[in-house]
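In: Build the 3D model from these lines:
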Amino acid sequence: MIITYHGGHFVKIAQGDTVIGVNPFGKNSSHKPIRFGARVGIVSMDHPDMNGVENLSHGEKVPFTISGAGEYEVGGIAISGFLSPKPVGEKKLLNTIYTVEFEGIRLCFLGALSSPELPAEILEGIGEVDILFTPVCDKELLTPADAEKIMLALEAKIVIPLAWDDGAEKQLKLFLKEAGAEKTERIDKLTLKRKDLEGKEGDVVLLEPLSHA
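Out: Okay, here's the model as predicted:
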């Protein structure tokens, strides 16, 4: 599995010919749209910075789009969506948390989560997390301390901070301090297999946004 980060909440997961795009930039996004072909497109919130599934089509590749709570299965990939208990911002936008079971690895995308307090039924539904993707930007969403709190609650083996690339470097540094990962170096991509998760416990991986390249 290869994981790359494109900025904002936008993550690409690739395994062989199978690609999953999570929260891609839309045409009215503050970020420059990035295009590639994907098997699955996942949207946590109907916001221009997160709903650009049209940019995940390439040639004959058109993604199966998931944009809300529920249980899904696409080509052997199991996906579950859980509606966040609190809406986001003045427009009261709804956010969906997702788990993705892929190649024996369980990923959890918090999306635009605004509170670390999750009901017991959502925590139970999320279950054991191998890789957690959490915002740390502190702009109506999780603060660095909140992100560290939920990372511990979910007992994630690996944690990848998101949404810090647009003027929130200070919040990223605070999160790294909270997580005891201040010396973490930025990498362009994370490549791993199930066996690579052995012995991991709250390890922070800091991905450089490819949009910065």
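In: At which residues are the helices of this structure located?
Out: 120-126, 144-153, 169-178 (DSSP state H).
In: and the ones you listed as a markdown table, adding mean neighbour count and mean pLDDT?
Out: No exception for glycine: its C-beta is placed from N, CA and C like everyone else's. As requested, these are exported to a markdown table (neighbours: other CB atoms under 10 Å; pLDDT from 0 to 100):
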| stretch | mean neighbour count | mean pLDDT |
| --- | --- | --- |
| helix 120-126 | 13 | 95 |
| helix 144-153 | 20 | 92 |
| helix 169-178 | 18 | 91 |
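In: Specify the stretch among the ones you listed that is closest to Asp203.
Out: Closest to Asp203 of the helices of the chain is helix 144-153 (CB to CB; 10.4 Å).
In: picking that back up, could I get the helices of the chain as JSON lines with distance to Leu56?
Out: Shown next, in JSON lines, are the helices of the chain (distance: least, CB to CB, whole Å):
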{"stretch": "helix 120-126", "distance to Leu56": "24"}
{"stretch": "helix 144-153", "distance to Leu56": "27"}
{"stretch": "helix 169-178", "distance to Leu56": "27"}
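In: Could you say which one of those helices comes nearest to Asn23?
Out: Nearest of these (CB to CB): helix 144-153, 16.4 Å.
In: Low-confidence stretches in this structure?
Out: Filtered on pLDDT under 70, the chain yields the residue ranges 211-213.
In: and the closest residue to Glu71 other than its chain neighbours, what does it touch?
Out: Spatial nearest neighbour of Glu71, chain neighbours left out: Ser80 (5.6 Å); criterion: CB to CB, 6 or more residues apart in numbering. By CB atoms under 8 Å, 6 or more residues apart in numbering, the contact set of Ser80 is Gly70, Glu71, Tyr72, Tyr98, Thr99, Gly125.
In: so which of those residues comes closest to Gly7?
Out: Using CB to CB, the contacts of Ser80 come closest to Gly7 at Tyr98, 18.8 Å.
In: one step back: need the max-distance pair from the contacts of Ser80.
Out: Maximum pairwise distance in these, criterion CB to CB, is 13.5 Å, between Tyr72 and Gly125.
In: picking up where we left off before, how far away is the residue nearest to Glu71 from Phe102?
Out: To Phe102, Ser80 is 12 Å away according to CB to CB, to the nearest Å.
In: try Ile20
Out: From Ile20 over to Phe102 (counting by CB to CB), the distance is 7 Å.
In: List the residues that are in contact with both of these two.
Out: Ile13, Ile77.
In: Look at those two and report which has more neighbours.
Out: Set Ile20 next to Phe102 and count neighbours by other CB atoms under 10 Å: Ile20 wins out with 26 against 19.
In: Bridge partners for that one, pull those for me.
Out: When bridges are called by DSSP bridges, Ile20 pairs up with Ile13, Val40.
In: For it, list the residues it contacts.
Out: Lys12, Ile13, Ala14, Ala38, Arg39, Val40, Gly41, Ile42, Ile77, Val100, Phe102.
In: now for the helices of the chain, which one comes closest to Leu110?
Out: Taking those one by one with CB to CB, helix 144-153 is closest: 7.2 Å.
In: The closest one: how far from the chain's middle?
Out: For helix 144-153, the separation from the chain centroid amounts to 15 Å (computed by CA atoms, centre = their mean, to the nearest Å).
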